[in-house]
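Peer 1: the following comprises the amino acid sequence and a computationally predicted model.
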Amino acid sequence: MRPAYLSAARFLQLGRESAVEGESRAALDLLTEALDTLRVLPPERTRDVLLSHVHLAFFQTLIMLGEDEADEHLHLGVSYARSTRDPLARAIAQECLSGLDAVL
């Protein structure tokens with residue numbers, strides 16, 4: 001299972017980098033790869049932490065594109081961040097939620 005986690009983490013990293021560079025479609029493709037890799041693994045903390053990060057990265061990228069499905073990724077990312085209690089995932093989730101308050 002470790003190689004799957006490493007692959008998912010690498011797809012996540014590359015997806016974030018692509019989003020920062022303005023290559024949103026490439027970012028979404030990479031994040032989809034990460035999500036597909038993680039969804040086939042059995043539930044455990046490492047998988048759930050990575051799922052939180054992937055869903056929150058999806059949300060951030062989709063918001064930049066103005067896509068409607070962003071809310072579902074926010075909901076899932078926040079849920080995983082809360083259940084895993086991962087400090088970084090929780091901080092990112094809080095940042096995403098704070099950004100929504102500013103927009104509303």
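Peer 2: Right, received. Where do you want to start? Predicted, not measured: the structure shown is a model, and the values here were computed from it.

Peer 1: show me what counts as buried in the lengthiest helix in the chain.
Peer 2: Of all the elements of type helix in the chain, the one with the most residues (DSSP state H) is helix 45-65. Within helix 45-65, the residues that qualify as buried are 46-63, counting by 16 or more other Cβ atoms under 10 Å. (C-beta placed from N, C-alpha, C; glycine too.)

Peer 1: after it, next one along is what?
Peer 2: helix 70-84 (DSSP states H and E).

Peer 1: what helices or strands is that following helix leaning on?
Peer 2: helix 45-65, helix 87-103 (3 or more Cβ pairs under 8 Å, 6 or more residues apart in numbering; DSSP states H and E).

Peer 1: if we can go back for a sec, okay, the longest helix of the chain in CSV with CA atoms only?
Peer 2: Output for helix 45-65, consisting of C-alpha atoms alone and laid out as CSV, is shown next (Å, rounded to 0.1, in the frame of the first residue of the first chain):
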residue,chain,number,x,y,z
ARG,A,45,-5.8,7.6,8.8
THR,A,46,-3.1,8.1,6.2
ARG,A,47,-5.6,7.6,3.3
ASP,A,48,-8.1,9.9,5.0
VAL,A,49,-5.5,12.7,5.6
LEU,A,50,-4.5,12.5,1.9
LEU,A,51,-8.2,12.5,0.8
SER,A,52,-8.7,15.7,2.9
HIS,A,53,-5.8,17.4,1.1
VAL,A,54,-6.9,16.2,-2.3
HIS,A,55,-10.5,17.3,-1.9
LEU,A,56,-9.4,20.7,-0.5
ALA,A,57,-7.0,21.2,-3.4
PHE,A,58,-9.9,20.3,-5.8
PHE,A,59,-12.0,22.9,-4.1
GLN,A,60,-9.4,25.6,-4.4
THR,A,61,-8.7,24.8,-8.1
LEU,A,62,-12.4,24.6,-9.0
ILE,A,63,-13.1,27.9,-7.3
MET,A,64,-10.5,29.5,-9.5
LEU,A,65,-12.4,28.1,-12.5
